[in-house]
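Trainee: mind looking at a prediction? Sequence and model below.
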Amino acid sequence: MVTANRTLTESPHLDRGLGLLQATSANILVMIGIGPFLTIPFMLQSMGGPHILYAWLAGAVLALCDGLVYAQLGAALPGSGGPYVYLREAYRPFGLGPLMGFLVIFQVMLVAPLSIASGAVGFADYLRFYWTMMGAATHNAVAAAVSIGMTALLYRNIRDVGRLSVIMLAVVAATVGWVIAAGLFHFSAAQAFRFPPSAFVLDRALAARVGAVALLAMYNYGGYNNVCYLAEEIRDPRRNVPRAIVLSILIVVALYVVMSTVIVGVIPWTEAQQSRAIASVFIERTFANPAAGRAAAMAMTALILFVTASSLYAVILGYSRIPFAAAREGQFFRVFARLHPTKHFPHVSLATLGAIAVPFCFFSLGQIVNWLILVQILSQFIWQCAGVILLRRYRTDIPQPFVMWLYPIPAIIALALWIYVFVSAPIDGIVFALGFVAAGVGAYVLFQRRLLRRRHEDTKKT
C-alpha cells in the first residue's frame, strides 16, 4: 500500500512547464464533449420547458465548488491515485480509510460499464437518423453490438489512442462551433425564451426539476477535476490550479448554455424534447433547401457517430486499467491483475467491464446517466466534500499547500448541492445507488476475508 508520505514525493522531477493558459486549455480539452448532443432532449423533457438554463447554472455552481474540493485534495495528495488516495487518507483516522478507498475502485466496476452503455445507446440513437425504421429491439441490439465491438477493438495495439483523442477533440470542437454558428443566423429569441408560467414560480416542484436536470448537466461538465492530476507540472499550482478549474468551467458553461439556447431558438422545445438526434435535426432546419439540409444533417450525424465511437474507445481503455492497477497492488481482487499472455494488456478487466455494459444497453440514455451520476454521488462525491474538511482537521501530518477560497464554504455548498441533486432524482435511481453501495460494502468484507486467509496461508508456509 502506498503511504501518504510516499505519494507526496512520488514525482519530484517533473518539469513545471504549464502556465495558467496551458492548464486551462488542458482542462477544457477533457471537459468538452458530445454529451449535450445526447442529453439536451432529456433535459428539456425533465424541465418541462426551455428554461434548462436554470439547471446549467446550478450545475455550474456545483462544478465550481466541487472543483475547489478537488484542487485542495489534489494539492495535499498529488500524484497517482486520485479519489482513491483522497478518501483513503481522509477517513483513515476513523478506521474507514481502506473501505472508502475500496468503494472508489469498486464503483468503477459499474461506472465504467454505465459510461460505455451511455455512449453505445447514444450511438444507436443517432444511427436512427440514417435508419429511420429502426425498432426498439434493433436499437438495443445495435447499442449492445457497439459496446461489444469497441471492447473487442482494444484487443490490439493501443499506440494510436493519443492521436485518436486529438482528432476526436477537433471534431467535437468543430461540431459545437457549427451548431452555434448555424443557430445564430436562424435564432428566434421569442421562441428560445418562451418559458412556461411554472418557470417563474419558485416552489418545491421547480426546485425538484432543477435538481433532476442539474444531474444531467453534471454529466456534461465531467472532467473539470482533471487539471488536479497535472498539479506537479503546473507553475505556481496554488494559484493556477484553482484558477484553471474556474476558468475552464466558466468557458464550457458558456459554450453549452449558448448551444442549448440556439437549439431551442431554432427548434421549439416541445419538438426538441422528442428528438434523439437533436444536432442532426437542428442542422437540417437551418437550411432553406430541404436537399441541402438533409445532406448537412447526414454529415453532422456522421461526425457525431465518429466522436461517440472514438470516445467509447478511449473510455473503455482508460477504465480497464483502474481495476488492473488496484489488483496488481493488492487493493482489489487478484483476478483483475491478469495480463493477456501474448498481447500484454489487462484482458480480464477489459472483458469484464465490456460484458457488464451489455445489459445496460437495453435501457434509455436518461436512465443510464441517472444511475451513472447517482452511484458516484453516493460512493465518492459527497464523501470527498466532507473528506477535504476532515483531512485538514485530523491529518496535520499531510502538508496542504492550497486551501480553497472562503474555506470551508465551497465544500459545504458542494456537499449540499450533491445531496440536493441526489434526493431530486427518480426514486428508482436512488434505490439503485443505495443497493450498489451496499453491495460494495459486502464485496469489501469478502475481499478482506480473502486477504486475511491468504496472509494466514502465507504465514503457515514460512
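Mentor: Perfect, thanks for sending it. Residues are numbered from 1 along each chain as shown.
Trainee: I'd assumed residue 230 was in a strand, is it?
Mentor: No: checked against DSSP: H, G, I helix; E, B strand; the rest coil, residue 230 lies outside a strand; its state is helix.
Trainee: what number of residues lie near it?
Mentor: 19 (other Cβ atoms under 10 Å). Just so you know, the C-beta spots here come from the backbone N, C-alpha and C atoms, and that holds for glycine as well.
Trainee: again with residue 251
Mentor: Neighbour count of residue 251, defined by other Cβ under 10 Å: 16.
Trainee: ok now do it, which residues does it touch?
Mentor: Listed by Cβ atoms under 8 Å, 6 or more residues apart in numbering, the contact set of residue 251 reads 24, 28.
Trainee: state the pLDDT value of residue 53.
Mentor: pLDDT recorded at residue 53 is 94.
Trainee: residue 192 versus that one, what's the distance?
Mentor: Distance from residue 53 to residue 192, counting by Cβ to Cβ, to the nearest Å: 10 Å.
Trainee: what's the overlap in contacts for these two?
Mentor: Both residue 53 and residue 192 are in contact with residue 261, where contact means Cβ under 8 Å, 6+ apart.
Trainee: of the two, who's got more company?
Mentor: Ranked by neighbour count (other Cβ under 10 Å), residue 53 and residue 192 place residue 192 first, with 21 against 17.
Trainee: tell me the spacing between the nearest residue to the more buried one once chain neighbours are set aside and residue 86.
Mentor: Excluding its sequence neighbours, the residue lying closest to residue 192 (Cβ to Cβ, 6 or more residues apart in numbering) is residue 265, at 3.5 Å. Counting by Cβ to Cβ, the gap from residue 265 to residue 86 is 42 Å.
Trainee: the more surrounded of these two?
Mentor: Comparing residue 265 with residue 86 by other Cβ under 10 Å, the one with more neighbours is residue 86, at 27 against 21.
Trainee: residue contacts, the residue lying closest to residue 394 once chain neighbours are set aside?
Mentor: Excluding the flanking residues, the one nearest residue 394 by Cβ to Cβ, 6+ apart is residue 93, at 4.6 Å. By Cβ under 8 Å, 6+ apart, residue 93 lies in contact with 390, 394, 395.
Trainee: I'd like to know which of these are buried.
Mentor: Buried members of those, counted by 16 or more other Cβ atoms under 10 Å: 390, 395.
Trainee: now render the contacts of residue 93 as CSV, adding secondary structure.
Mentor: CSV is the format used below for the contacts of residue 93 (three-state DSSP):
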residue, secondary structure
390, helix
394, helix
395, coil
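Trainee: nearest residue to residue 300 other than its sequence neighbours?
Mentor: Spatial nearest neighbour of residue 300, chain neighbours left out: residue 283 (4.5 Å); criterion: Cβ to Cβ, 6+ apart.
Trainee: wait, is that neighbour part of a helix?
Mentor: Yes: counting by three-state DSSP, residue 283 is part of a helix.
Trainee: the residue nearest to residue 394 and residue 100, how far apart?
Mentor: Residue 93 sits 12 Å away from residue 100, taking Cβ to Cβ as the criterion.
Trainee: show me where pLDDT drops low in this structure?
Mentor: 1-15, 79-81, 156-166, 232, 456, 458, 460-462 (pLDDT under 70).
Trainee: name the single longest helix found in it.
Mentor: Counting residues, the longest helix found in the chain (DSSP state H) is helix 290-328.
Trainee: buried sites along that helix?
Mentor: By 16+ other Cβ under 10 Å, the buried positions in helix 290-328 come out as 293, 296-297, 300-301, 303-317, 319-320, 322-327.
Trainee: what is the burial count for residue 329?
Mentor: 12.
Trainee: I'd assumed residue 168 was in contact with residue 314.
Mentor: Yes: if you go by Cβ atoms under 8 Å, residue 314 and residue 168 touch, sitting 7.3 Å apart.
Trainee: now the most centrally placed residue in the chain: phi and psi?
Mentor: When Cα atoms, centre = their mean is applied to the chain, the residue found nearest the centroid is residue 222 (4.1 Å). The phi/psi pair for residue 222 (degrees, to the nearest 10) reads phi -50, psi 140.
Trainee: against residue 310, how distant is it?
Mentor: Separation of residue 222 from residue 310 (Cβ to Cβ) stands at 16 Å.
Trainee: returning to what we had before: you'd agree the residue nearest to residue 394 is in a helix?
Mentor: Yes: assessed with three-state DSSP, residue 93 lies in a helix.
Trainee: that one and residue 398, how far apart?
Mentor: Taken as Cβ to Cβ, the span from residue 93 to residue 398 is 11 Å.
Trainee: before we move on, what about residue 420?
Mentor: Distance, residue 420 to residue 398, by Cβ to Cβ: 30 Å.
Trainee: what sits against residue 440?
Mentor: By Cβ under 8 Å, 6+ apart, residue 440 lies in contact with 102, 103, 106, 107, 379.
Trainee: SS state for the last one?
Mentor: Residue 379 falls in the helix class when you classify it by three-state DSSP.
Trainee: touching, residue 183 and residue 285? I think so.
Mentor: No: contact criterion Cβ under 8 Å: residue 183 and residue 285 do not qualify, at 9.5 Å.
Trainee: quick check: neighbours shared by those two?
Mentor: Both residue 183 and residue 285 are in contact with residue 266, where contact means Cβ under 8 Å, 6+ apart.
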